[in-house]
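Q: Give the three-dimensional model of this entry:
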Amino acid sequence: MVIEEASGQGFTGFKEYAREGEQPQMETVNGVIGVNGNILIVDDDGKFEGRLVDGKLQGQYAEVGDDAAAINVVLTRK
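A: So this is what the prediction gives:
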């Protein structure tokens, strides 16, 4: 995930991923950091809810539609 622009507690950017055997895909993301530190990020077909813990973004991602799924996520900075 790349954050391209931030304003106040909101931000926007994109995420890039590739499913096995497919070309990489890119989706726009929009997010906000709550006053309590909770982070909400939405994309075209799902949402992430989590917190920044020890420099890592930790939480859960839920996707709706034909590929509906829910997973635990830990993102680290490159």
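
Q: residues contacting the nearest residue to Gly46 once chain neighbours are set aside?
A: Spatial nearest neighbour of Gly46, chain neighbours left out: Glu63 (3.6 Å); criterion: C-beta to C-beta, 6 or more residues apart in numbering. All C-beta spots, glycine's among them, are computed from the backbone N, C-alpha and C. Neighbour list for Glu63: Asp45, Gly46, Ala69, Ala70 [criterion: C-beta atoms under 8 Å, 6 or more residues apart in numbering].

Q: What about those residues, which one has the most neighbours?
A: Tallying neighbours with other C-beta atoms under 10 Å puts Gly46 at the head of these, with 19 neighbours.

Q: ok, now which ones touch that residue?
A: Tyr61, Ala62, Glu63, Val64.

Q: for those residues, which one is nearest Glu22?
A: Sorting those by how near they are to Glu22, with C-beta to C-beta, puts Glu63 at the top with 15.6 Å.

Q: mind listing the strands for the protein?
A: 2-7, 10-17, 25-33, 39-42, 46-53, 56-63, 69-75 (DSSP state E).

Q: now the ones you listed in JSON lines, with mean pLDDT?
A: Output for these, formatted as JSON lines (pLDDT from 0 to 100):
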{"stretch": "strand 2-7", "mean pLDDT": "96"}
{"stretch": "strand 10-17", "mean pLDDT": "95"}
{"stretch": "strand 25-33", "mean pLDDT": "96"}
{"stretch": "strand 39-42", "mean pLDDT": "98"}
{"stretch": "strand 46-53", "mean pLDDT": "96"}
{"stretch": "strand 56-63", "mean pLDDT": "96"}
{"stretch": "strand 69-75", "mean pLDDT": "95"}
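
Q: Pick the most buried one from these.
A: strand 39-42 (a mean of 18; mean count of other C-beta atoms under 10 Å).

Q: Pull the residues that contact that strand.
A: 1, 29-34, 47-52, 57, 59.

Q: same thing but at 7 Å, please
A: Contacting residues not belonging to strand 39-42 are listed as Val29, Asn30, Gly31, Val32, Ile33, Lys47, Phe48, Glu49, Gly50, Arg51, Leu52, Leu57 [C-beta atoms under 7 Å, 6 or more residues apart in numbering].
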